[in-house]
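Student: any chance you can model this:
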Amino acid sequence: MPVTDAIILSVIVTAFVAFALLLAWGDYQTRNIRPIVRPAARKVDNDRAPTKSTAVRTQAERKAA
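Tutor: This is a model prediction of the structure:
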């Protein structure tokens, strides 16, 4: 095998190996992603009457507080 053919073949093989390593690294990165945990949404009960703590205070109540 001539030297130029060996060089061309080694460049092609090296390119394939580098591409395979890139794909393996990407696969590894996507398999080890931590799931995003979001807090549960607050349930709002619209059927009950507002209590004193949740109702809007009047101006007199704000001055007294």
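
Student: for this structure, what spans make up the strands?
Tutor: With DSSP state E, there are no strands along the chain.

Student: okay, now the unreliable bits of the chain?
Tutor: The chain contains residues with pLDDT under 70 at 41-59, 61-62, 65.

Student: now residue 60: how far from residue 36?
Tutor: For residue 60, the distance to residue 36 equals 46 Å [C-beta to C-beta, to the nearest Å]. Where you see a C-beta, it was placed from the backbone N, CA and C, and this is true even at glycine.

Student: of those two, who's got more company?
Tutor: Taking neighbours as other C-beta atoms under 10 Å, residue 60 and residue 36 compare with residue 60 leading, 8 against 5.

Student: what about residue 29, how many residues nearby?
Tutor: Using other C-beta under 10 Å, residue 29 is surrounded by 9 other residues.

Student: what about it, distance to residue 37?
Tutor: Distance from residue 29 to residue 37, by C-beta to C-beta: 20 Å.
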